[in-house]
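Peer 1: Here is my input; please provide its structure:
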Amino acid sequence: MVSPSLQTLLFLAAERAANELASSERTPASEIRETLSRLVRLGLAASEGASNGTHSGGRQESQGVIPRHYADVLRSAFLGVVAQAGAGISGSELATMIAAIEAVQTPLTLESRNEFTRHLATADAVNAVVEIAHDMRSPLTSILFLVETLRRGRSGPVTTVQERQLGLIYGAALGLNTLACDVIDAVRGGQRLVDGRPIPFSIAEVMLGVCDTVRPISEEKGLPITHVLPGVDGRMGYPGALSRVLLNLMTNALKYTNEGSVTIGATELNETRLSFWVSDTGQGIPANVMSMLFDGFRPSASGVRFSNAGLGLAICQDFLRSMGTSLQVESTPETGTRFSFEIELRRA
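Peer 2: Down below sits the predicted model:
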């Protein structure tokens, strides 16, 4: 039986844990307090079961899901409260209480996992995936901005080693951010950025913006980026979709190129039609991959495997088809790869 004094400390710890969680969670503070109170009752029931030689674990009251990190925060707060209380707390009693919290944490984690699985099996699964991708994209965008700020020395001098490390962080964050965008577009289809009427835009602005975005990756790998701009810059079209396609192609080109250079360009074929391309001097694409290059899900020995590169190229193809064209590829092993597409963009 847990002593009344330890029970009091446990509920005090729950209050502290609730205040800590309320400062960072979207869940209302009252709901967090109620959830932690329920967790405390489960822990007390588990400790009584342990002292009586039973193993109920307090599951009879377990209705709803308690996030795993709630138990972690509660345990930390409890140890802090006990330390402040000083003498008078039995070591064996404290150990029993900590073990009880651990005992209820595992089944609660399984409940949370099962609840998430059930949610993904419903009609709302697609919306859930999109929401997760959105939640990933916001902090990743902040990371990209902060890393670039540090790289440019705006927060103080940066050593050569630190600059390279920041380049690696930037590349990883950009890859995750692109994957999150690809997931959203895979769910919503390629029409999202091609809705409405064409708008006037600058080809140079789009292409140089893409170059600026991937420049930290190129500098970290020591790969120069060259660009070729058309004679007439102002066009009518869908700059958002065009930028996504070119960014994806440039990111892939830099990812699979270790020596040489990467080039992005646009050439006028006539007054309204242009050819865009991204070429690299990388390792090339194996012949056995070419037939499934634009598949978002590629077969593997264990079944179907999710591929971020394949998903990205599938999204590019989706966007381009929405604009009345398609992506073409030429590749030579150990020599390089060139992705290109022709598109109608009348002059603005």
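
Peer 1: So which residue is dead centre in this structure?
Peer 2: Note on the chain: the residue nearest the mean C-alpha position is M136, at 3.9 Å, using C-alpha atoms, centre = their mean.

Peer 1: That one against T178, yeah?
Peer 2: No: if you go by C-beta atoms under 8 Å, M136 and T178 don't touch, sitting 10.9 Å apart. All C-beta spots, glycine's among them, are computed from the backbone N, C-alpha and C.

Peer 1: What are the buried residues along the helix or strand hosting S138?
Peer 2: Applying DSSP states H and E as the criterion places S138 in helix 125-151. Applying a neighbour-count criterion of 16 or more other C-beta atoms under 10 Å, one finds 130, 133, 136-137, 140, 143-144, 147-148, 150-151 buried in helix 125-151.

Peer 1: likewise stretch 334-348?
Peer 2: If you call a residue buried by 16+ other C-beta under 10 Å, then stretch 334-348 has these buried ones: 336-345.

Peer 1: One more: stretch 250-260?
Peer 2: Applying 16+ other C-beta under 10 Å to stretch 250-260 flags 250-257 as buried.

Peer 1: Inside helices: which ones of those?
Peer 2: Taking DSSP state H as the definition of helices, these contribute 250-255.

Peer 1: Next one: D212 from S243, what distance?
Peer 2: 11 Å (C-beta to C-beta, to the nearest Å).

Peer 1: of those two, who's got more company?
Peer 2: S243 (18 against 11; other C-beta atoms under 10 Å).

Peer 1: which secondary structure element contains the more buried one?
Peer 2: Short version: S243 belongs to helix 239-255, going by DSSP H and E.

Peer 1: Against which helices or strands is the helix or strand just after that helix packed?
Peer 2: For helix 239-255, the following helix or strand on the C-terminal side (DSSP H and E) is strand 262-268. Secondary-structure packing of strand 262-268 (3 or more C-beta pairs under 8 Å, 6 or more residues apart in numbering; DSSP states H and E): helix 203-221, strand 225-228, helix 239-255, strand 273-280.

Peer 1: Low-confidence regions, the stretch 151-300 of the chain specifically.
Peer 2: For the stretch 151-300 of the chain, the stretches with pLDDT under 70 are 186-193, 296-300.

Peer 1: hang on, the earlier thing: distance to V158 added to the helices and strands packed on strand 262-268, as a markdown table?
Peer 2: Converted to a markdown table, the helices and strands packed on strand 262-268 look like this (distance: least, C-beta to C-beta, whole Å):
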| stretch | distance to V158 |
| --- | --- |
| helix 203-221 | 12 |
| strand 225-228 | 21 |
| helix 239-255 | 21 |
| strand 273-280 | 28 |
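
Peer 1: Single out the most deeply packed of these.
Peer 2: Neighbour counts (mean count of other C-beta atoms under 10 Å) averaged over each of the helices and strands packed on strand 262-268 peak at helix 239-255, with a mean of 23.

Peer 1: Report the inter-axis angle for it versus helix 203-221.
Peer 2: 20 degrees (axes from the mean of the first three to the mean of the last three C-alpha atoms, to 10 degrees).

Peer 1: between helix 239-255 and strand 273-280, how many degrees?
Peer 2: Angle, helix 239-255 to strand 273-280, by the same axes, to 10 degrees: 30 degrees.

Peer 1: In CSV, list the C-alpha atoms belonging to helix 239-255.
Peer 2: Provided in CSV are the C-alpha atoms of helix 239-255 (Å, rounded to 0.1, in the frame of the first residue of the first chain):
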residue,chain,number,x,y,z
PRO,A,239,5.5,29.1,-61.7
GLY,A,240,4.7,27.1,-58.5
ALA,A,241,4.5,23.8,-60.4
LEU,A,242,7.5,24.6,-62.6
SER,A,243,9.6,25.5,-59.6
ARG,A,244,8.7,22.2,-57.8
VAL,A,245,9.7,20.2,-60.9
LEU,A,246,13.0,21.9,-61.3
LEU,A,247,13.8,21.8,-57.6
ASN,A,248,13.2,18.1,-57.5
LEU,A,249,15.3,17.4,-60.6
MET,A,250,18.1,19.6,-59.2
THR,A,251,18.0,17.9,-55.8
ASN,A,252,18.3,14.5,-57.4
ALA,A,253,21.1,15.6,-59.7
LEU,A,254,23.2,16.8,-56.8
LYS,A,255,22.3,13.8,-54.7
